[in-house]
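Novice: model this:
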Amino acid sequence: MSAPVPSTAARLLADVGGTNARFAWQAGPGAPIDALLTLPCAEHGSLAEAVHRYLRQTGHTMPPDCAIAIANPVVGDRVAMTNHHWTFSVREMKAQLGLQRLLVVNDFTALALALPRLGAADRWQLGGDAPEPGTAIGLIGPGTGLGMSGLLPDGRGGWLPIQGEGGHGTLGATTAREAAVLDVLRDWHGHVSAERAVCGQGLVDIHSALQQLDDAPGAQLPAAAITEAALAGRDARCTEALQLFCAFLGIAAGNLALTLGARGGVWIGGGIVPRLGCWFAGSPFRARFEAKGRFAAYLQPVPVYVIDTPRSPALLGAAEALDAALPLAGLAD
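Specialist: Prediction:
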């Protein structure tokens, strides 16, 4: 597979999750990213249909180049979303849309590429010290699913993004209560990945598991209602569910930091955590992040950054992917 060749042409950028598809326009490399539009995935039969709607609503014509960051593994030509029904061939979509270049990458790979471009105003820090220069950076983020990625130093002052699916690794527990919840989830799902607990549906399932464990049957609450009740302090079980959600996120993030040797910090993306604000800082997240026995001291200085910006950094990362001379999966020339 040939490496991407930087282009001077205009490009269409997309950040496609299981719930929403965010689109933007860039006149060329380094140009501002504008004409942002968010479209609900459920309202469109296919990604190509959503692309055409974006162009109609913004008045743009199809550009020669397009980069799509999508919440899904990108291995080979066929893309089938994990948390939505869209599926497509990269080569067929390139031909269908009349593109000269189409790059499809995992959304968290794109988000990782954007991290070096984010400033202090785009994040806030939770614990740890200053990042250690020249070391790996971890990235994790719950939303409709749980994305994971990171950046590895390339030895020349640049970065290599990780293309993986760490959110589907097996989740462990630190306390007996956490283990009991995971036992319930295991009964329901078989394999309990980190994503089974640390995503929007995961919060719903944690709350339902607590109802079962406490012999307190009730209606299944949506994630937004659980979060609202927990932040307002109105419901003890909702509060415990959100605390467990943050604890499991901390466990997974700490595992990622150890696996990568992410002394350069761990970043949290996705749409859920920024909405928790100061409540998240008081959650069990940081304690679980560091609770790695003999390696607790290794993790204590590692900073955690919560990405908190109204724009979609993955769109910036998609643009970076078009210009990077990297062997990224999903390139259609």
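
Novice: measure the closest residue to Asp214 other than its chain neighbours to Gly250 for me?
Specialist: Distances taken as CB to CB, 6 or more residues apart in numbering place Arg237 nearest to Asp214, at 7.1 Å, with adjacent residues excluded. Where C-beta positions appear, they are placed from N, C-alpha and C, glycine not excepted. Distance, Arg237 to Gly250, by CB to CB, to the nearest Å: 20 Å.

Novice: Could you list the buried residues of whatever helix or strand the residue nearest to Asp214 lives in?
Specialist: Following DSSP states H and E, the helix or strand that holds Arg237 is helix 236-260. Within helix 236-260, the residues scored as buried using 16 or more other CB atoms under 10 Å are 237-257, 260.

Novice: pLDDT on the helix or strand following that helix, on average?
Specialist: Using DSSP H and E, the helix or strand that follows helix 236-260 towards the C-terminus is strand 266-268. Strand 266-268 shows a mean pLDDT of 98.

Novice: counting contacts, what elements does strand 266-268 pack onto?
Specialist: On a contact count with 3 or more CB pairs under 8 Å, 6 or more residues apart in numbering; DSSP states H and E, strand 266-268 meets strand 137-142, helix 236-260, strand 304-307.

Novice: pLDDT at Asp333, what is it?
Specialist: So Asp333 comes in at 51 (pLDDT).

Novice: And for Gly30?
Specialist: 88.

Novice: Does it lie in a helix or a strand, and which?
Specialist: Of the helices and strands defined by DSSP H and E, none includes Gly30.

Novice: Number the chain from 182, please
Specialist: All set: I'll call the first residue 182, so the last point we hit is now Gly211.

Novice: For the protein, which residues score under the pLDDT cut-off?
Specialist: 182-189, 506-514 (pLDDT under 70).

Novice: can you give me the strands in it?
Specialist: 192-197, 201-207, 214-221, 246-251, 259-261, 268-270, 282-287, 304-306, 318-323, 327-334, 340-342, 447-449, 485-488, 512-513 (DSSP state E).

Novice: Looking at those, spot the one closest to His349.
Specialist: strand 327-334 (8.1 Å; CB to CB).

Novice: Export only the CA atoms of that closest one, formatted as PDB.
Specialist: Coordinates of each C-alpha in strand 327-334 appear next as PDB, following Å, rounded to 0.1, in the frame of the first residue of the first chain:
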ATOM      1  CA  LEU A 327     -14.900   3.100  23.900                       C
ATOM      2  CA  GLY A 328     -12.100   4.200  21.700                       C
ATOM      3  CA  MET A 329      -8.400   3.800  22.400                       C
ATOM      4  CA  SER A 330      -5.200   4.900  20.600                       C
ATOM      5  CA  GLY A 331      -2.000   6.700  21.300                       C
ATOM      6  CA  LEU A 332       1.100   8.200  19.900                       C
ATOM      7  CA  LEU A 333       4.600   6.800  19.800                       C
ATOM      8  CA  PRO A 334       7.600   9.000  19.200                       C
END
